[in-house]
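> Okay, predicted coordinates and the sequence, questions at the end:
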Amino acid sequence: MYIRKSSRIYNGKTYTNYVLVESVATEKGPRQKTICSLGDLSPRPREEWLKLARKIENALVGQDDLLARDDDEVAEIVGRVRAKQAHARSEPASSLPRTRSGELIKVDPSRVSTEQHREAGPVHVGYQFWQRLGLDHILRDCGLSEAVCRLACVMTLNRLIAPASEHAMPAWIRRTALADILGVSFDALEEDPLYQVLDKLHPHRATIEAALIERERSLFNLDQTIYLYDLTSTYFEGLCAANPKSKRGHSRDHRSDCKQLVVGLVLNRDGFALAHEIFAGNTRDHLTLGTMIDRLSERVELKEGATVVVDRGMAFDSNLAEITARKLHYIVASRQPERNRWLAEFEDTDGFVPVLREPSPLNPAQKKTMIEVKVCADTDAQTYVLCRSEQRIAKDRAIRVKQEARLLADIEKLSLRVANKQLVKAEKINQAIGRLRERYPRVARYYRLSHDEKTATLVSSFDADKHLTAEKLDGCYLLKTDRKDLTADEIWRVYTLLTRAEDAFRDMKSPLVIRPIFHHKEHRADSHIFLCLLAYHLLTAIEKTMLDQGIHTSWASLRDTLKTHQVCTVVLPTDDGACLRIRRAATPEADVQQIYRNLAIAPQVITPTHTWTQSSNSD
């Protein structure tokens, strides 16, 4: 919805009126529908007009915030609109087919059929949330044309519902009710305009992200005291010679054979994305923190005293100093060498407090787990929390045993290559040893590998003390923070919020399918990731709306249920040789109707349209 100015001159005097307008889809394309008159708004600043329109829109869809509830002006306007809608619904309307002049017609039931069925439910929900988040307005404010905004919308909905390449996307669009909903034809759409949308979105990513975050903050009253930061990787298909950021590095997708990018993402405690950045594929985790805090400060107003939560890959002193220099707090998992120094405290069972971790509502197979935590203060003004989990012991041990078996097998292969003179130069042998240490960092520390040039053999020795320490610390990890106002239980629970970042990456990889990337140009690869991020914003907003009503469900489950709601054309051949075609949405099933109610979405996907044609023999 938006506000449009209307002026007229009467007796030499100009009268100004402002009307609330919304865009509706018609068979002739988008048209503007007047909702109600707002009178003369000119005494107030122009920037207040859009705020008023959004307050009214939020109230009409059931998303009004606390401030809007007490706004008499908004309440009065919404009351007028709803009274007008109720009056329109109360007008009698016959469901019987009529001619264009209003006379009843006779239809042969045996010849009634339906055609042009299109999946409507998922795209209807996705488009409603696209509008609810104000993405149309945000993109237009960036100077993007109506056509680009429309294609950006359908491309984002594709990532949300059935991710496909730009080559396959037009066919998917034509299989859905998007043409009916948007009031445009996609029959001639090809892939080239979609690539152009990626090009045009690229320079506006930061602006769009910042505006979207502000919109979500006001819609959902989001917390800004916790910042969760983590990284993932996504890989390319092909050589990607035109993208300088495509590099080989540590692959979290187990695709070390492919070039990749590293994606950094900051979330709030509710799982909403606040900032993202794309790094070269060989970037080390701890080198990204400063850049991400810069990006975060550009997107949102950093709250002094907020807490940054990061994993052990960024538990370096320089990173912690970077956080505190920004007047922020931190909670971080310590790296392994630091944890080992606390072996005696872990072995001392006194002081540990049990904490019950409830399973995720989205994962019924997950079991309740018991964690034991204990606070140990240190002299450097940091608080250390020792965490121990019986359930994690078996997992840690299994991982180490598997890694050791692989390392020993590779050591044996390298020894044979050296003994068989396949590797002779000391430099090459030392490089091979270095690669083994890099490949198995978890267990390589227990083995000393060296090359004896005199005997031309590979020497391997086992460090039993280090190995015994690792066994004793199975199931144990160490947290540290500069906050002094939290208990061990609270520190541990804040740290576990970092799993929201893992969930976000899981959503972006499936069902949003961020990988693999087929774009070889840098800006298009970046825009591809950005589209996935926009789809993630929609996904999070949908799931958050359900969660606020106590409904724990995933978008994937909702999407599968919504697929049953379709749009089709009902063909009614008449006895006089004419044919009435009614384009309309089917009546949604009960479970689909419940989803619409929970999401505050009207079940009417489109306004029915009637088209008269001459009946054919096939009818």
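Thanks, I have the structure now.

> helices or strands next to the helix or strand where V263 lies in the packing?
Following DSSP states H and E, one finds V263 within strand 260-267. With contacts defined as 3 or more Cβ pairs under 8 Å, 6 or more residues apart in numbering; DSSP states H and E, the packing partners of strand 260-267 are strand 226-235, strand 273-280, helix 289-299, helix 499-509, helix 522-547. C-beta coordinates here come from the backbone N, C-alpha and C atoms, glycine included.

> in the longest one, what counts as buried?
Buried residues in helix 522-547, counted by 16 or more other Cβ atoms under 10 Å: 522, 524-547.

> Could you list the paired strands of the strand or helix carrying V21 along with their orientation?
Using DSSP H and E, V21 maps to strand 13-26. Partners of strand 13-26 in the sheet, by DSSP bridges, are strand 2-10 (antiparallel), strand 29-39 (antiparallel).

> ok, A273 touching A541?
No - checked against Cβ atoms under 8 Å, the pair A273 and A541 is beyond contact range at 10.8 Å.

> And the residue of the chain most remote from its centre, how close does it get to S415?
When distances are taken from the C-alpha mean of the chain, K454 lies farthest, 58.2 Å away, according to Cα atoms, centre = their mean. Distance of K454 to S415, given as Cβ to Cβ, to the nearest Å: 16 Å.

> swap in A83?
In this view, A83 and S415 are 86 Å apart by Cβ to Cβ.

> of those two, who's got more company?
S415 (16 against 11; other Cβ atoms under 10 Å).

> For the more buried one, which three-state class applies?
When classified by DSSP: H, G, I helix; E, B strand; the rest coil, S415 comes out as helix.

> So for the residue lying closest to it once chain neighbours are set aside, what's the pLDDT?
Nearest residue to S415 in three dimensions, chain neighbours excluded: L458, at 4.4 Å (Cβ to Cβ, 6 or more residues apart in numbering). We note a pLDDT of 90 for L458 in this prediction.

> Hmm, L458 is touching R448, no?
No - L458 lies out of contact with R448 (Cβ under 8 Å); the separation is 11.2 Å.

> For the two, indicate the residue with more neighbours.
Set side by side, L458 and R448 show unequal neighbour counts under other Cβ under 10 Å, the larger going to L458 at 21 against 11.

> ok but the more buried one is inside a strand, no?
Yes - counting by three-state DSSP, L458 is located in a strand.

> List the contacts of I323.
By Cβ atoms under 8 Å, 6 or more residues apart in numbering, the contact set of I323 is L289, I293, V308, H329, Y330.

> Name the member of those residues with the most neighbours.
V308 leads the contacts of I323 on contacts (other Cβ under 10 Å) with 26 neighbours.

> Please identify the helix or strand for that residue.
Per DSSP H and E: strand 307-310 holds V308.

> list the buried ones in the following helix or strand past that strand?
As assigned by DSSP H and E, the chain's next helix or strand after strand 307-310 is helix 317-325. Buried residues in helix 317-325, counted by 16+ other Cβ under 10 Å: N319, L320, E322, I323.

> got it, and stretch 226-235?
I226, Y227, L228, Y229, D230, L231, T232, S233, T234, Y235.

> Of the residues you listed, which is the nearest to W612?
T234 (51.8 Å; Cβ to Cβ).

> For K509, see how far away the nearest residue to that closest one once chain neighbours are set aside is.
Using Cβ to Cβ, 6+ apart and skipping the chain neighbours, the partner closest in space to T234 is R515 (4.3 Å). From R515 across to K509, the span is 6 Å (Cβ to Cβ).

> what is in contact with those two at once?
If you check R515 and K509 against Cβ under 8 Å, 6+ apart, the residues they both contact are T234, D253.

> Looking at the two now, which is surrounded by more residues?
R515 (21 against 16).

> What pLDDT does the model give that one?
So R515 comes in at 90 (pLDDT).

> From A211, how far off is it?
From R515 to A211 the distance is 27 Å (Cβ to Cβ).

> Same question for C376.
Separation of C376 from A211 (Cβ to Cβ): 45 Å.

> what helix or strand does the residue nearest to D591 when sequence neighbours are not counted sit in?
Spatial nearest neighbour of D591, excluding adjacent residues (Cβ to Cβ, 6+ apart): T561 at 5.6 Å. Secondary-structure element containing T561, defined by DSSP H and E: helix 555-562.

> Check the offset of that helix from the chain's centre.
16 Å (Cα atoms, centre = their mean, to the nearest Å).

> and Y446, how many neighbours?
When neighbours are counted by other Cβ under 10 Å, Y446 registers 20.

> how far away is V385 from D485?
14 Å.

> Repeat that for T14.
For T14 relative to D485 (Cβ to Cβ), the value is 61 Å.

> Out of the buried residues of stretch 226-235, the closest to C568 would be?
T234 (38.1 Å).

> Could you pull up the contacting residues of the nearest residue to E115 once chain neighbours are set aside?
In this structure, E115 finds its nearest non-sequential neighbour in T569, 5.0 Å apart by Cβ to Cβ, 6+ apart. Shown in contact with T569 (Cβ under 8 Å, 6+ apart): T114, E115, Q116, R581, I582, R583.

> before we move on, what about T613?
T613 neighbours (Cβ under 8 Å, 6+ apart): A578, C579, R581.

> Go through the helix or strand harbouring the second one and flag the buried ones.
In the assignment (DSSP H and E), C579 maps to strand 578-585. Under the neighbour-count criterion of 16+ other Cβ under 10 Å, strand 578-585 has C579, L580, R581, R583, R584, A585 buried.

> Among these, which one sits closest to T607?
Among the buried residues of strand 578-585, R584 lies closest to T607 (Cβ to Cβ), at 8.4 Å.

> Run through the residues that contact that closest one.
Going by Cβ under 8 Å, 6+ apart, the list of residues near R584 reads V567, C568, V570, I606, P608, T609.

> Relative to S460, how far out is it?
75 Å.

> quick revisit: what about burial for the contacts of R584, which qualify?
V567, C568, V570, I606.

> how far away is the residue nearest to the spatial centre of the chain from E390?
In the chain, the C-alpha nearest the mean C-alpha coordinate belongs to Y536, at 1.9 Å (Cα atoms, centre = their mean). From Y536 across to E390, the span is 35 Å (Cβ to Cβ).

> do H520 as well
Separation of H520 from E390 (Cβ to Cβ) stands at 49 Å.

> more crowded one of the two?
Neighbours were counted for H520 and for E390 using other Cβ under 10 Å; H520 has more, 17 against 11.

> Pop out the phi and psi values for that one.
Per-residue torsions, H520: phi -100, psi -10 (degrees, to the nearest 10).

> pretty sure it is touching P244, no?
No - when contacts are counted by Cβ under 8 Å, H520 is not listed as touching P244 (11.5 Å).

> Return every residue with contacts to both of the two.
With Cβ under 8 Å, 6+ apart, H520 and P244 have no common neighbours.

> related to what we said a few turns ago, show me the beta-bridge partners of the residue nearest to E115.
Going by DSSP bridges, T569 forms beta bridges with E115, R583.

> And C376 and A211? Which one has more around it.
A211 (20 against 17).

> Check which helix or strand the more buried one maps to.
With DSSP H and E as the test, A211 turns up in helix 205-220.

> relative to helix 289-299, how tilted is that helix?
60 degrees (axes from the mean of the first three to the mean of the last three Cα atoms, to 10 degrees).

> I138 contacts R215, doesn't it?
Yes - using Cβ under 8 Å, I138 is in contact with R215, at 7.3 Å.

> What segments of the stretch 51-200 of the chain are strands?
When secondary structure is read from DSSP state E, counting those that start in this stretch, the stretch 51-200 of the chain shows strands at 113-119.
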